[in-house]
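Engineer: give the three-dimensional model of this entry:
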Amino acid sequence: MADDDLQSLTDEIGRLARDRSISVAAAESLTSGAIASAFGRGDQASAWFAGGVVAYDERVKREVLGVTAESVLTPQCARELAAGAARLLGADVAVAVTGVGGPEPEEDLDPGTVFAAICVGETVTDAAWRFDGDPSAVVEQTVLAALRLVRDALA
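Structural biologist: Okay, the predicted model is just below:
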C-alpha cells in the first residue's frame, strides 16, 4: 500500500471530521486493526478518532458489537458491525469491514471478497468489493477502499 496515499486519505478524513466536529470509529474483522491504526496516525487524530474494535472472532462480533446476521461474511454483518461500533464508541461515523482474505474460499465466497459498511448517524450503507492478491494485498486494498468510503461520506 502506498504510504503516501494512506496518509493523504487519513489526513483528509481528519480535516473533514474536524471541520464538521464529528468523531470517527472503526469495527474490523478482515483488516485486524489496520484501519484504526491508519486513523491513529492521522493529523490531530485525538480530536476526531473515537477508537476501533477488532472483532476477528465471531463471538466478539456478536457479543460486543451486536451482530445478528446468520453469517459473518455478509453485507448485513458489515452493517451491524458499523452500527455496533458507532453505538459502543459513541461515534458519529463508523466504518466496518469483514470478508475473505484468503488464500482459500470461505462459505462459498472467493478470496478477496470484502463487505464494508459505513454508519453516519442513523443511516448505514454497505459496499462490496472483490480484490486480487494474497491475503496481505487484500488487506491493503481493503484499508484504502474503507478510507475512501469514509472520506466520501464526510465530503
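
Engineer: how about the nearest residue to Gly121, chain neighbours excluded?
Structural biologist: Leaving aside its sequence neighbours, Gly121 sits nearest to Asp92 (C-beta to C-beta, 6 or more residues apart in numbering; 6.8 Å). Using the backbone N, CA and C atoms, a C-beta is placed for each residue, glycine as well.

Engineer: got the contact list for the residue nearest the centre of the chain?
Structural biologist: Nearest residue to the geometric centre of the chain (C-alpha atoms, centre = their mean): Ala96, 3.1 Å. Applying C-beta atoms under 8 Å, 6 or more residues apart in numbering, one finds that Ala96 lies in contact with 26-29, 78-79, 81-82, 84-85, 116-119.

Engineer: in a helix, it, correct?
Structural biologist: No: read with DSSP: H, G, I helix; E, B strand; the rest coil, Ala96 is strand and lies in no helix.

Engineer: hey, what's it bridged with?
Structural biologist: Here Ala96 sits in beta bridges with Ala27, Ala117, as judged by DSSP bridges.

Engineer: could you give the number of residues near the residue nearest to Gly121?
Structural biologist: 18 (other C-beta atoms under 10 Å).
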